[in-house]
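Show me how the following folds:
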Amino acid sequence: MPDLPCADLPNADLLGQPGSRDLLETPILLLDLDVFERNLQKLADFAAGRSHALRPHTKTHKSVEIARRQIAAGAVGVCCTTLGEAEVMVGAGIGNVLITSPIVAPRKIQRLLAINAQADDLLVVADQPQNVRDLAAAALAAGQVLKLLVAIDLGIHRMGV
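Residues are numbered from 1 along each chain as shown. Presented below is the predicted three-dimensional model:
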């Protein structure tokens, strides 16, 4: 575990104090590290044993440290639902980020291109032809290559073409 600047954390004064769990400022992520590491290895072994590429979603933990550990255990990268999540992950040096929600608003497309400019292997999902055209035009204007995955509706009718 890396050394963290604990003095800067909102709950730093409660670390190691008996009964402090009920006093913690929330939201906060609490982990049983032994269980976490065991589950992390179990999932990595499951994926590797089936020749599956593992790309966990950061929306469940929103933690750069957990993303780093998932990648160290064999994940090919991480998924992010929002641009904000992707900005945090890419800003912390996490590579191979997949943004799973289509980015359609012009201002958000500009934020996406800013992330793309600093990211290693950024991918984004698109599910409408006009969105693909808008992303392509914006990337071309910025002199960038933007990698897209096209979502296909397999009958759930949640998203996809």
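
Need the phi and psi values for the most centrally placed residue in the chain.
In the chain, the centroid-proximal residue (Cα atoms, centre = their mean) is C80; its distance is 3.6 Å. With angles defined as degrees, to the nearest 10, C80 sits at phi -130, psi 140.

where does the protein have low pLDDT?
1-8 (pLDDT under 70).

which residues of it fall in helices?
Ranges of helices in the chain, per DSSP state H, are 33-48, 64-72, 83-91, 106-118, 129-142.

Pick the most deeply packed of the ones you listed.
Between those, helix 83-91 has the highest mean count of neighbours, a mean of 20, where neighbours are mean count of other Cβ atoms under 10 Å. Quick note: C-beta positions are derived from backbone N, CA and C, even for glycine.

how near is the residue nearest to the residue nearest to the centre of the chain when sequence neighbours are not counted to V97?
Computed as Cβ to Cβ, 6 or more residues apart in numbering, the closest residue to C80 that is not its neighbour in sequence is A86, at 4.2 Å. Using Cβ to Cβ, to the nearest Å, A86 is found at 5 Å from V97.

Next one: the residue sitting furthest away from the middle of the chain from D153, what distance?
Most distant residue from the mean C-alpha position of the chain: P18, 33.8 Å away (Cα atoms, centre = their mean). Plainly put, P18 is 54 Å away from D153 if you go by Cβ to Cβ.

ok, now which ones touch the closest residue to A119 other than its chain neighbours?
In this structure, A119 finds its nearest non-sequential neighbour in V90, 4.5 Å apart by Cβ to Cβ, 6+ apart. V90 makes contact with 97, 115, 118-119, 122, according to Cβ atoms under 8 Å, 6 or more residues apart in numbering.

what about 10 Å?
Contacts for V90 (Cβ atoms under 10 Å, 6 or more residues apart in numbering) come out as 80, 97, 99, 114-120, 122.

And L135, by the same measure?
Neighbours of L135 in contact, by Cβ under 10 Å, 6+ apart: 102-104, 109, 112-113, 116, 124, 126, 146, 148.

Tabulate those residues (CSV), appending distance to V64.
CSV is the format used below for the contacts of L135 (distance: Cβ to Cβ, whole Å):
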residue, distance to V64
P102, 24
I103, 21
V104, 27
I109, 25
L112, 20
L113, 22
N116, 19
V124, 20
A126, 26
L146, 23
L148, 25
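
ok now stretch 132-148, how far from the chain's centre?
Counting by Cα atoms, centre = their mean, to the nearest Å, stretch 132-148 is centred 21 Å from the centre of its parent chain.
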